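Q: All I have is the shape, not the residue letters:
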């Protein structure tokens, strides 16, 4: 139904977006609650800093590969056939983490969990886009993405450290699996598939894909826009900052600065709250001031905040404020690079492919390899040097961003993307 029509199903839109927002938040919760729990897990399973980095990295590596390989699966078999099994599996695997008895079992469980979350991520983004009225699509996708940081990196440290007062770390993993199973049932009941009309042509969100496919640019065209390879490098740098800090800062605070578990949980929650606000703020400002300048500012100011964090002692309120500032920009960069920068660099019909390549590179290296390297630094040189690795990522990202081509409509000649043409066709989900 046209967005200008009288019968857009707004009730379905908000139900679907709400559930998908909760679902992606639970992805973040299940992924990241292991970090604040690691100081409690390590003595039981005889793990070290290198093991912590490897466990975080295994999930990130699997996520990146799965997002590239499985990202288009729901286009062929349907959204619910990917969304529902994926959320059920990663919830069960989160609970199964609480039954792990060794490093090997943890690596295996978290690796498989990364595959299921990597499949859920692009499918949920596509489903949100289809459920959204075109004029609200960007807003809805921003809302959905922001809960990853809010649930996984703001609420998770608080939940984990408080629950440890009343149960073991194993019980915490089993408890946090429950909301995902409930959400899976609600998604199965609520989500609608795009309607395909047999005999030629489609209706709803699927309409127009055949037309776009007929005039789609060759895949080789993706790298002709310099913002694609630069976006890959930039996202790698941003995610190095995000995931190195998220993975090992809990141990930095407890082992090096000697904060209590409760103080650590409070400080670490700044990552999630900062990320939540940053994913709205930085891309929005880039509409006004330009993509390139906001990317450069984001990396540079994030690096300044992180430098101040590194040089602050055991002062929880100040540490919280500085970590909040760092991650506003780091997570804002994630949204900026994977959103408008990737979209505006994509050739006709290859928006998802361009975004998938950029996200895959960032996740595999920034989310997978970087935490493992950080674990090695902590193990062999000391946990106090890990934040400098994250700082190097942000500084490098500022340099890379200087070479971005400006694509913001206010700052460069506006172009019409294939998604704009799809919206102009006047079709939507009813």
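A: Good, I have the coordinates. Keep in mind it's a predicted model, so treat the numbers as computed, not measured. Numbers count the residues shown, from 1 in each chain.
Q: tell me which element the closest residue in space to residue 48 that isn't next to it in sequence is part of?
A: Excluding the flanking residues, the one nearest residue 48 by Cβ to Cβ, 6 or more residues apart in numbering is residue 379, at 5.6 Å. C-beta here means a position set from N, CA and C on the backbone, and glycine is covered the same way. Using DSSP states H and E, residue 379 falls within helix 370-381.
Q: gap between that helix and the chain center?
A: 22 Å (Cα atoms, centre = their mean, to the nearest Å).
Q: Number of residues surrounding the residue nearest to residue 48?
A: 15 (other Cβ atoms under 10 Å).
Q: coming back round to it: which strands and helices sit next to the helix holding residue 379?
A: For helix 370-381, the elements it packs on are helix 49-70, helix 227-251, helix 386-401, judged by 3 or more Cβ pairs under 8 Å, 6 or more residues apart in numbering; DSSP states H and E.
Q: C-terminal to the first one, what's the next element?
A: Read that as helix 49-70. By DSSP H and E, the next helix or strand past helix 49-70 is helix 73-77.
Q: which outside residues touch that next one?
A: In this structure, residues lying in contact with helix 73-77 by Cβ atoms under 8 Å, 6 or more residues apart in numbering are 81, 82, 83, 119, 122, 123, 126, 127, 209.
Q: can you put the residues you listed in JSON lines and add secondary structure, neighbour count and pLDDT?
A: Formatted as JSON lines, those follow (DSSP: H, G, I helix; E, B strand; the rest coil; neighbours: other Cβ atoms under 10 Å; pLDDT from 0 to 100):
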{"residue": "81", "secondary structure": "helix", "neighbour count": "14", "pLDDT": "89"}
{"residue": "82", "secondary structure": "helix", "neighbour count": "24", "pLDDT": "88"}
{"residue": "83", "secondary structure": "helix", "neighbour count": "25", "pLDDT": "91"}
{"residue": "119", "secondary structure": "helix", "neighbour count": "25", "pLDDT": "85"}
{"residue": "122", "secondary structure": "helix", "neighbour count": "24", "pLDDT": "77"}
{"residue": "123", "secondary structure": "helix", "neighbour count": "25", "pLDDT": "80"}
{"residue": "126", "secondary structure": "helix", "neighbour count": "20", "pLDDT": "74"}
{"residue": "127", "secondary structure": "helix", "neighbour count": "28", "pLDDT": "82"}
{"residue": "209", "secondary structure": "helix", "neighbour count": "17", "pLDDT": "42"}
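Q: Just flag the most distant two among those.
A: Pairwise distances across the contacts of helix 73-77 peak at 20.0 Å for 119 and 209 (criterion: Cβ to Cβ).
Q: Name the nearest residue to residue 96, sequence neighbours excluded.
A: residue 109 (5.4 Å).
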